[in-house]
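Participant: Any chance you can model this:
(3 chains)
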Amino acid sequence: MTSIDAPVTPDAPAAPVASVASAASAAPEALDAREAPAARGALEASAASALPTPPAELHGPVLAWFDRHARDLPWRRPEAGAWGVMVSEFMLQQTPVVRVLPVYEQWLARWPRPADLAADAPGEAVRAWGRLGYPRRALRLHAAAVAITERHRGDVPSDHGQLLALPGIGEYTAAAVASFAYGQRHAVLDTNVRRVFARAATGVQYPPNATTAAERRLARALLPQDEATASRWAAASMELGALICTAKNEDCGRCPISGQCAWRLSGKPAHDGPPRRGQTYAGTDRQVRGRLLAVLRDTSDPVAQAALDAVWDEPVQRARALDGLVADGLVEPLDGGYYRLPVS
DNA sequence: GAAACGTGGGA
DNA sequence: TTCCCAAGTTT
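Facilitator: Model (predicted):
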């Protein structure tokens, strides 16, 4: 998060964007958490003043909507604690809420504190992860629990920099945990928030493939000054993207800021730029890895090579996938051609 | 910055 | 049935 601000893109969409982009580019370097509050406030004020819709006009309606329509998710309850929030954030990376719910409950019941998970084998985390997908997240969550136990006396750190230093925690998750679990003021930019801002403030259907400096500036400019309000705003804007301002079939009829949405006011123009990369899956190493790991998850006993060979007929790809799992630490090779989930 | 990394449900 | 997408991170 250091980057030099990118120049205003020449192909930037029409009217509403122009004012946002120019105001954003006029600001100096990206702000860091360590910068003086005074400088930060001034910069955000200048960026905000040029927005098509002043932030204050968005906060009220979105926060009021959130009060009425927020889902009652377990990690939003006070008893979830910072560990519950952190576990949910790991599981929710690229995985829908409905699939996370049951696994989350079992996880917290089994490992109510970071030290509990840290004391168990990493392979148990991979097993409990079940079919959530991207099992390296389970390994990283376990590693993060170990780090928290060793470096932070078993308490999930509240400092953004310390969170960012944990395995599996990147820009989004660090801000999310600091904001949701500790009520801090951070720009929380996930795919939902980015889409809401792209539409409401920038006037385009979809945000760029990767988060840009302009998006970070915009998010900071829209962040309420008050810490508690900023924290609620982060959750509210995310929920709006998850329930109303969805990627497809958005429900503008129920949107609290549809009357101020730059994209809707300009006739909801279709996304133009380069097509968003679709991810292939069938026939890939990822599919093979998934099948191999599924076999190993189902038993605590060592699995013979032959049992793994049965899941995929192409030997070269099969071997490459297994090697990859071992290299990633997701599978532990034993003597005699046996394998199991990692015990250490 | 691009590519790798799982899985399953809805349109 | 195929395609798209879901609270990203790491290399």
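Participant: which residue ranges form the helices in the stretch 1-150 of chain A?
Facilitator: With helices called from DSSP state H, counting those that start in this stretch, the stretch 1-150 of chain A shows them at A:15-26, A:37-49, A:55-69, A:81-92, A:97-110, A:114-118, A:122-129, A:136-151.
Participant: what about the last one and DNA strand B, any contact?
Facilitator: So the one you mean is helix A:136-151. Yes: Helix A:136-151 reaches DNA strand B (CB under 7 Å from any atom of the strand) through A:R136. For the C-beta atoms, the positions are set from N, CA and C on the backbone; glycine is no exception.
Participant: show me what contacts the residue of chain A found nearest DNA strand C?
Facilitator: Using CB to the nearest atom of the strand, A:G170 is the residue of chain A that sits closest to DNA strand C, at 2.7 Å. Residues counted as contacts of A:G170 (CB atoms under 8 Å, 6 or more residues apart in numbering) are A:L164.
Participant: Likewise for A:P167?
Facilitator: A:R140, A:A143, A:A144, A:A147.
Participant: same thing but at 10 Å, please
Facilitator: By CB atoms under 10 Å, 6 or more residues apart in numbering, A:P167 lies in contact with A:R136, A:R137, A:L139, A:R140, A:L141, A:H142, A:A143, A:A144, A:A145, A:V146, A:A147.
Participant: Specify which member of these is nearest to A:W83.
Facilitator: A:A145 (8.6 Å; CB to CB).
Participant: residues near the closest one, how many?
Facilitator: A:A145 has 28 neighbouring residues, counting by other CB atoms under 10 Å.
Participant: Correct me if wrong: it contacts A:L166.
Facilitator: Yes: between A:A145 and A:L166 there is a contact under CB atoms under 10 Å: 9.2 Å.
Participant: any shared contact partners between those two?
Facilitator: Shared contacts of A:A145 and A:L166, counting by CB under 10 Å, 6+ apart, come down to A:M86, A:V156.
Participant: Near DNA strand C, which residues of the stretch 51-200 of chain A are found?
Facilitator: A:73, A:75-76, A:88-89, A:92-97, A:133-134, A:140, A:167-174, A:176, A:190-192, A:195.
Participant: Can you give me the buried ones in stretch A:331-344?
Facilitator: Buried residues in stretch A:331-344, counted by 16 or more other CB atoms under 10 Å: A:V331, A:E332, A:Y339, A:R340, A:L341, A:P342.
Participant: again with stretch A:220-235
Facilitator: Counting neighbours by 16+ other CB under 10 Å, stretch A:220-235 gives A:R220, A:A221, A:L222, A:L223, A:P224, A:A230, A:S231, A:R232, A:W233, A:A234, A:A235 as buried.
Participant: for stretch A:61-78, same thing?
Facilitator: Here stretch A:61-78 shows A:P61, A:V62, A:L63, A:W65, A:F66, A:W75 as buried, counting by 16+ other CB under 10 Å.
Participant: By mean pLDDT, flag the weakest helix or strand of chain A.
Facilitator: Least confident helix or strand, chain A: helix A:15-26 with a mean of 34, by mean pLDDT, DSSP states H and E.
Participant: from the buried residues of stretch A:331-344, which single one is nearest A:R254?
Facilitator: Nearest to A:R254 among the buried residues of stretch A:331-344, with distances taken as CB to CB, is A:L341, at 44.6 Å.
Participant: Please give me every residue in contact with the closest one.
Facilitator: A:121-127, A:135, A:138-139, A:293, A:296-297, A:299-300, A:303, A:325, A:330-332.
Participant: let's go with 7 Å and repeat that
Facilitator: A:G123, A:V126, A:R127, A:L296, A:R297, A:V331, A:E332 (CB atoms under 7 Å, 6 or more residues apart in numbering).
Participant: Please apply the same query to A:V126.
Facilitator: A:P135, A:A138, A:L139, A:R297, A:L330, A:L341.
Participant: picking that back up, restricted to helices, list the buried residues of stretch A:220-235.
Facilitator: Judged by DSSP state H, the subset of those located in helices is A:R220, A:A221, A:L222, A:A230, A:S231, A:R232, A:W233, A:A234, A:A235.
Participant: Great, nothing more from me.
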